[in-house]
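Visitor: What would the 3D arrangement of this be:
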Amino acid sequence: MVSTGQPVCLASSPIFISSCPELLDPVVTIGCAMASRQPRRVWNMSCCDNQPQALKPEIDNCCGADGCSSSEHRSAWGRWRLAAAGLAALAAEVLHLAGLAGDWRVAALALLSILLCGLGTYKAGWQAIRRRELNINALMSVAVTGAMLIGEWPEAAMVMFLFTIAELIEERSLERARRAISSLLDLSPAQARVLQADGRWRDVSVAEVALGDRVRVRPGERIALDGEVLSGHSSINQAPITGESLPVDKRSGDTLFAGSLNQQGELEYRVTAAASNSTLARIIRAVEQAQASQAPTQRFIDRFARIYTPAVFALALVVALVPALFVGDWLEWIYRALVLLVVACPCALVISTPVTVVSGLTRAARLGILIKGGRFLEAGRELDCLALDKTGTLTLGQPELTDIEPLNGQGSELLFGLAASLAERSDHPVSSALSRAARQQQARLQAVEGFAALPGSGVRGRIDGQDYWLGNRRLMSELGRLDATLEQRLQALERQGKSVVVLADAQQPLALFAVADQLKPGTREAIGRLSLAGVESRMLSGDNPHAARTIAAQAGIDQAHAELLPEHKLELVERWQAEGRRVGMVGDGINDAPALARADIGFAMAAAGTDTAMETADVALMDDDLGKIPTFIQLSRETVRILRQNIVLAVGIKALFLLLTLTGHTTLWMAVFADMGVSLLVVFNGLRLLRARPQVESQPAQAPHQISAANQ
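Guide: Numbers count the residues shown, from 1 in each chain. Predicted coordinates for the structure are as follows:
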């Protein structure tokens with residue numbers, strides 16, 4: 001998780017971690033402040049009972065992190081006090097309407113109501129004023145005090161009571177955001193059934209389970225820790241981790257993720273990651289880090305609020321003093337100034353952005369999409385060009401060996417053994433195909449000395465004292481082994497859409513090995529959804545033009561660029577950006593790293609279980625489903641649409657009530673309804689993202705469909 005005692009942030013709001021030795025995990029407290037940025041520390045002792053520890057933040061009201069007036073009323077006694085405050089305020093209003101406006105009983109009932117429900121607001125407001133920071137508690141305290149000073153006792157009491165009620169309702173609505181975040185941690189069990197040295201199985205706290213321990217999970221139980229299956233066969237629902245809709249069959253050698261649900265058989269597995277470093281824990285860390293970065297809209301709103309709130313105070317002073325100097329009626333203009341203070345609070349404007357962004361980030365995480373901050377969540381809607389690596393992104397990345405062609409009369413078995421010995425040391429997909437074929441055919445592998453990977457070209461090594469090279473056309477050209485005959489044989493295989501590597505020694509090429517990859521299921525559908533969304537697809541591949549064209553045609557890709565080195569991919573991304581395109585890059589390998597870093601948004605595929613992908617990508621897809629990218633783009637568009645709706649609602653309603661206030665057509669209690677009503681409205685609107693199911697909208701395509709090979 002995150003280290004204790006260090007500030008992190010949810011959207012724009014400060015989070016501080018408090019911990020004690022007895023706590024398995026720290027609790028995070030969130031203070032969402034309009035102008036104040038002072039957090040509160042809260043101890044959560046529930047984890048001392050060995051219950052699954054979840055992130056249980058206490059989201060303060062948007063306009064004050066010093067203290068929430070509503071927090072005093074959550075207990076049974078607090079609810080009785082609030083009810084009594086309401087009755088006292090109502091009684092004061094009834095007496096006032098009955099013609100007893102100046103009666104001492106009206107003032108006494110109003111003061112009793114304010115004391116019962118408003119002390120928390122006054123305390124928070126006074127602390128804000130002492131720091132010369134203005135928030136809703138300060139505005140409300142000044143407004144209620146002013147109303148009492150000019151004799152509007154019933155209205156002062158009703159305003160404080162309604163404000164407290166509205167705060168409670170708002171806090172309850174924000175609990176949905178709290179539950180959405182905490183649900184990520186609730187997935188992981190607190191204990192695991194571990195094999196002991198004496199052969200018995202015992203339930204052990206996940207924090208005490210060591211790497212390599214043998215764990216058993218029964219049908220219907222959730223997997224407690226990441227691991228590798230040792231025995232058994234079952235179907236695993238890992239949707240909370242990868243977003244996959246269907247269960248995945250698991251057997252010996254397969255990977256398990258903590259938080260996944262074992263649906264059928266019993267499994268035993270070896271623990272491969274500590275509880276604090278499981279895939280689920282890394283997801284939560286990524287979400288926390290994403291929440292710590294402010295979205296562009298949020299930064300603008302925060303800057304606006306810091307200027308706007310003092311300006312409102314100044315305007316209220318002008319309204320209270322200037323008109324009265326010319327037309328008299330001081331009490332009337334002071335009353336309008338007090339109403340203005342309540343109406344003009346930008347609480348709704350400020351709270352709408354973090355709630356919306358957090359809802360969008362949480363929704364994406366549930367879908368198996370980790371977004372590294374609100375900036376990328378907002379930027380996704382602007383993408384109009386998506387560059388995709390071929391191998392492992394568009395294709396399965398597990399090409400199979402299809403052809404072996406000896407070139408010098410030596411036996412294919414000997415040459416295959418030499419090539420497989422070199423390939424065994426490489427992680428390139430073509431080398432992996434040779435290695436798999438060698439294992440299947442039980443080929444005799446030999447020891448390799450002086451092995452070296454040649455990025456973008458191949459590998460070399462020494463076997464029995466002789467140097468060998470295994471690589472593509474480029475490597476053969478650099479070695480001076482590419483003659484007309486070899487070129488003709490290469491082209492014949494490449495025209496079939498196959499990737500070819502050549503085995504050569506210090507004198508001549510020895511053999512050709514051809515492999516073919518297959519398109520991932522669902523790839524063509526995903527590319528079609530991108531096209532409907534107005535995003536042009538462009539494939540970047542280090543493979544030959546024929547293989548690139550074949551895969552591009554199968555996938556429906558707009559353009560295909562072949563025989564690219566990492567620097568060529570980077571150059572293409574930079575060229576498209578210079579043309580004014582918003583470029584996303586999808587990849588899963590080291591060769592894609594420069595282009596991924598340079599793109600406006602870098603997407604990493606199959607990030608579950610991969611630390612590097614989670615840390616370096618802007619958006620990490622937890623499985624290899626390319627269809628999550630159009631889903632992300634539409635989620636981004638929906639998020640920005642709701643942000644804009646909230647801004648228009650908040651500004652529009654505030655502007656209307658400001659006008660009505662200046663003309664004397666509003667009262668203090670109406671101002672409270674206007675302020676808190678629009679705050680609740682934008683919060684509920686933002687929370688819609690938690691249940692939204694984004695569908696890609698159809699937009700005009702950016703360029704005509706074409707396939708071209710860019711040989712470089």
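Visitor: what's the spacing between the helix or strand hosting residue 632 and its chain's center?
Guide: Taking DSSP states H and E as the definition, residue 632 sits inside helix 628-662. Centroid displacement of helix 628-662 relative to its chain, using C-alpha atoms, centre = their mean, to the nearest Å, is 21 Å.
Visitor: Repeat that for stretch 535-551.
Guide: With C-alpha atoms, centre = their mean, you get 30 Å for stretch 535-551.
Visitor: Pull up the distance across it, start to finish.
Guide: In stretch 535-551, first residue to last residue: 19 Å (C-alpha to C-alpha, to the nearest Å).
Visitor: for that stretch, what is the average pLDDT?
Guide: Averaging pLDDT along stretch 535-551 yields 86.
Visitor: related to what we said a few turns ago, past the helix holding residue 632, which element shows up next along the chain?
Guide: With DSSP H and E, the next secondary element past helix 628-662 is helix 668-687.
Visitor: Could you check the angle that following helix makes with helix 628-662?
Guide: When axes from the mean of the first three to the mean of the last three C-alpha atoms, to 10 degrees is applied, the directions of helix 668-687 and helix 628-662 differ by 170 degrees.
Visitor: what about helix 668-687, average pLDDT?
Guide: 82.
Visitor: ok, and what's touching the strand or helix carrying residue 387?
Guide: With secondary structure defined by DSSP H and E, residue 387 is part of strand 385-389. For strand 385-389, contacts defined as C-beta atoms under 8 Å, 6 or more residues apart in numbering pick out 394, 530, 535-541, 557, 569, 572-573, 576, 581-589, 591-592, 595, 599, 626, 629, 702. (C-beta placed from N, C-alpha, C; glycine too.)
Visitor: By neighbour count, sort out the buried ones in these.
Guide: Buried by 16 or more other C-beta atoms under 10 Å: 394, 530, 535-541, 557, 569, 572-573, 576, 581-589, 591-592, 595, 599, 626, 629, out of the contacts of strand 385-389.
Visitor: sorry, back to before: what angle separates the helix holding residue 632 from strand 385-389?
Guide: Counting by the same axes, to 10 degrees, helix 628-662 lies at 150 degrees to strand 385-389.
Visitor: Now do the buried residues in the strand or helix carrying residue 469.
Guide: Assigned by DSSP H and E, residue 469 belongs to strand 466-471. For strand 466-471, the neighbour count (16+ other C-beta under 10 Å) marks 468-471 as buried.
Visitor: Adjacent strands (with direction) for that strand?
Guide: strand 458-463 (antiparallel), strand 499-505 (antiparallel) (DSSP bridges).
Visitor: okay, the ones you listed, which one's buried deepest?
Guide: Mean neighbour count, computed with mean count of other C-beta atoms under 10 Å, is highest for strand 499-505 among the strands paired with strand 466-471, reaching a mean of 24.
Visitor: pLDDT averaged over it - what is it?
Guide: 91.
Visitor: And the next helix or strand after that strand, what does it pack against?
Guide: Where DSSP H and E defines the elements, the next helix or strand beyond strand 499-505 is strand 509-516. If contacts are counted by 3 or more C-beta pairs under 8 Å, 6 or more residues apart in numbering; DSSP states H and E, strand 509-516 sits against strand 400-406, helix 412-423, helix 429-441, helix 484-494, strand 499-505.
Visitor: now those as JSON lines including distance to residue 111?
Guide: Converted to JSON lines, the helices and strands packed on strand 509-516 look like this (distance: least, C-beta to C-beta, whole Å):
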{"stretch": "strand 400-406", "distance to residue 111": "84"}
{"stretch": "helix 412-423", "distance to residue 111": "85"}
{"stretch": "helix 429-441", "distance to residue 111": "78"}
{"stretch": "helix 484-494", "distance to residue 111": "89"}
{"stretch": "strand 499-505", "distance to residue 111": "84"}
